[in-house]
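In: need the 3D shape of this:
(chains A, B, C and D)
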There are 2 protein chains.
Amino acid sequence: MPAHDAPFRPVQPVRAYQRVAEQIEDRILGGDLPPGSRLPAERELVNQFAVGRSTVREALRVLQSAGLIRSRPGDPLGAEVLGVTPDNLSSALGRLTRSHLSSLGELVQFRMVLDAESNRLAARLHREADLARMAEQIDRMEALIDVGLHAFSEADALFHQAVAEASRNALLGLCARAVHDAVVDVIKGRIASSDDTRAWMERSVAHHRQVLAAIRERDGERAAALARRALYDYYADHVEEEKRELLAAALEDGSVAGPALR
Amino acid sequence: MPAHDAPFRPVQPVRAYQRVAEQIEDRILGGDLPPGSRLPAERELVNQFAVGRSTVREALRVLQSAGLIRSRPGDPLGAEVLGVTPDNLSSALGRLTRSHLSSLGELVQFRMVLDAESNRLAARLHREADLARMAEQIDRMEALIDVGLHAFSEADALFHQAVAEASRNALLGLCARAVHDAVVDVIKGRIASSDDTRAWMERSVAHHRQVLAAIRERDGERAAALARRALYDYYADHVEEEKRELLAAALEDGSVAGPALR
DNA sequence: GAAATCAACTGGTCTGACCAGCTGTCCGGT
DNA sequence: ACCGGACAGCTGGTCAGACCAGTTGATTTC
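Out: Numbering: from 1, shown residues only, chains lettered A, B, ... in the order given. Sure, this is the predicted structure:
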């Protein structure tokens, strides 16, 4: 590419709060300021950055809305560093859905894609230790059925995290988690939450055992299809009528080849 | 579920700036305040919300960092409403990568999954008008080869947008775009950018025509495989050595079943 | 009529102040 | 010696007022 094609880039003004936020963000992402550590007090940051307090506060607001830090009034230790979480991913996805740019059906379909792919990769790339972790979480789920839905869901999340680790792609797992949270947020309150929760949990455990078996046998196709089927069965009723057939389209991916294969 | 199981939820204090940000965000996502419209001036918002200016400003900072609005000093029209964009999605993904929670290889693999699925769905669900839009953008790309990489990439993005529309899942397209941006951001500067740009553009056009043909023939499997292959060929050299075999794993998905198939 | 000027905005920043909440210390009662 | 409450000194959250620089459009000037 010729150098004179774009010799100078337009330079846009950089606000003071951006510089402050960038410096702190770099420290957090760079590994200084690990999760759990504390930022100096705002008035101290004012000294270190040599800016006004409102500037520091706007920078902290940006970092907080990105989920990197959390501050509490009166905390003499300063704002807490949270590290990188998928929280803002899910809030961004939730915004997309709330703005009707995407629908619940699309979110569910997205989860079908992500979970299926996680399972597929896990089936191909897992090691022995991964299987043990997954089995352990399924056992925990089964034991926690009587404790309550919350504890159960926690073990469920850990199972999926184990699958994500086995797939050797943390990003897929994080995004799946974010989409899951967004779905829960959208569907919240609309769920029947009837007293068949227990039956559902038992079915869920059985489903997870099937997935684990497929992964253990390195049958990625079956593991993927199981994830798609479970999500479809669980969410299809909540999805808008006209979107349901689209979901069904994702359901058949991979298991049956397209009509005009080659 | 028994009502007395959790009779009261812990109530956490809601900051004033949050309330302000929520109100504005709801208006934007709800459809009042469409993209392109303007917010009142800060000092006017101070009157309407009955809070201090710093509170209003922190709320606006949050909205701005979420990509919902953009403000410019001296603009007598007030902050501009941008609507929902995938920008914060891609910045969130970029943060994940920069923090070494995920790697370039995972990003590329993620793109392979998303693009492949978009293509697959587009092959299954497209209508005639979709095909026309895609063909039009490919022609534009070809015409813009001589104009420059920037214009070319723009047409390329429009092609993928057309595919996303055909897939009837806007979310997939938006996320694919976000991941694309994150990849570009990570790889920026590291790319050779040699003078074979023109050759690459020509190959790219040919690749897109192949994809379009596969979609037109409703061969979702082939369309998906084409996307995976193109991404792999283009990015494999930039991916960390130890991650490359993982990419290859994604490459074979769907086209060849896992080694232990049934 | 075109160009320079200027007044009235805007957002960005700083300062200083006050409030409410948290925490460790210190003091008095047991 | 121990324990519990008051309190001082911090924290972050909010507000008010000020100033600056940039934008804009009307006004003046040539």
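In: on the three-state scheme, A:Leu121 is what?
Out: For A:Leu121, the assignment made with DSSP: H, G, I helix; E, B strand; the rest coil gives helix.
In: now do the contacts for the residue nearest to it when sequence neighbours are not counted.
Out: With Cβ to Cβ, 6 or more residues apart in numbering or on different chains as the criterion, A:Leu121 has its nearest non-adjacent residue at 3.7 Å, and that residue is A:Ser167. Just so you know, the C-beta spots here come from the backbone N, C-alpha and C atoms, and that holds for glycine as well. A:Ser167 makes contact with A:Glu117, A:Ser118, A:Asn119, A:Arg120, A:Leu121, A:Ala122, A:Leu125, A:His126, A:Gly173 under the criterion Cβ atoms under 8 Å, 6 or more residues apart in numbering or on different chains.
In: next, see if the strand or helix carrying A:Ala249 gets close to chain B.
Out: Take DSSP states H and E as the rule and A:Ala249 turns out to sit in helix A:241-252. Yes. Under the criterion of Cβ under 8 Å from any Cβ of the partner chain, chain B is reached by helix A:241-252 at A:Leu246, A:Ala249, A:Ala250.
In: which one of those sits in the busiest neighbourhood?
Out: A:Ala250 (26 neighbours; other Cβ atoms under 10 Å in any protein chain shown).
In: give me the pLDDT value at it.
Out: The pLDDT attached to A:Ala250 in the predicted structure is 75.
In: gap between it and DNA strand C?
Out: Taking Cβ to the nearest atom of the strand, to the nearest Å as the measure, A:Ala250 falls 42 Å from DNA strand C.
In: what's in contact with the helix holding A:Ala249?
Out: The contact list for helix A:241-252 (Cβ under 8 Å, 6+ apart) reads A:103-106, A:108-109, A:112-113, A:228-229, A:232, A:235-236, A:239, B:117, B:121, B:124-125, B:168-169.
In: if we use 6 Å, what do you get?
Out: The contact list for helix A:241-252 (Cβ atoms under 6 Å, 6 or more residues apart in numbering or on different chains) reads A:Ser103, A:Gly105, A:Gln109, A:Met112, A:Arg228, A:Tyr232, A:Ala236, B:Arg124, B:Arg168.
In: just the buried ones out of those, please.
Out: For these, a burial check counting by 16 or more other Cβ atoms under 10 Å in any protein chain shown picks out A:Ser103, A:Gly105, A:Gln109, A:Met112, A:Arg228, A:Tyr232, B:Arg124, B:Arg168.
In: helix, strand or coil: sort out the fifth one for me.
Out: Think A:Arg228. Of the three states, A:Arg228 takes helix under three-state DSSP.
In: pretty sure it sits against A:Met112.
Out: Yes. Counting by Cβ atoms under 6 Å, A:Arg228 does reach A:Met112; the two are 4.6 Å apart.
In: the closest residue to DNA strand C within the stretch 101-250 of chain A - how many residues pack around it?
Out: Here the stretch 101-250 of chain A gets closest to DNA strand C at one residue, A:His150, 24.0 Å apart by Cβ to the nearest atom of the strand. Per other Cβ under 10 Å, the neighbour tally for A:His150 reads 9.
In: what about it, distance to DNA strand D?
Out: Distance, A:His150 to DNA strand D, using Cβ to the nearest atom of the strand: 27 Å.
In: please see if whichever strand or helix holds A:Leu131 touches chain B.
Out: Assigned by DSSP H and E, A:Leu131 belongs to helix A:128-143. No. Helix A:128-143 is not in contact with chain B by Cβ under 6 Å from any Cβ of the partner chain; minimum separation 13.8 Å.
In: pull the CA atoms of stretch A:68-83 into PDB?
Out: C-alpha atoms of stretch A:68-83 as PDB (Å, rounded to 0.1, in the frame of the first residue of the first chain):
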ATOM      1  CA  LEU A  68     -14.200  -3.800  35.500                       C
ATOM      2  CA  ILE A  69     -14.600  -2.200  38.900                       C
ATOM      3  CA  ARG A  70     -17.200  -1.800  41.600                       C
ATOM      4  CA  SER A  71     -17.400   1.000  44.200                       C
ATOM      5  CA  ARG A  72     -19.400   1.300  47.400                       C
ATOM      6  CA  PRO A  73     -20.100   4.500  49.300                       C
ATOM      7  CA  GLY A  74     -18.000   4.800  52.400                       C
ATOM      8  CA  ASP A  75     -15.700   2.000  51.600                       C
ATOM      9  CA  PRO A  76     -12.300   3.200  53.000                       C
ATOM     10  CA  LEU A  77     -10.400   0.700  50.800                       C
ATOM     11  CA  GLY A  78     -11.500   2.300  47.600                       C
ATOM     12  CA  ALA A  79     -13.100   0.800  44.500                       C
ATOM     13  CA  GLU A  80     -12.700  -2.900  44.100                       C
ATOM     14  CA  VAL A  81     -11.200  -4.400  40.900                       C
ATOM     15  CA  LEU A  82     -13.500  -7.100  39.500                       C
ATOM     16  CA  GLY A  83     -11.400  -8.200  36.500                       C
END
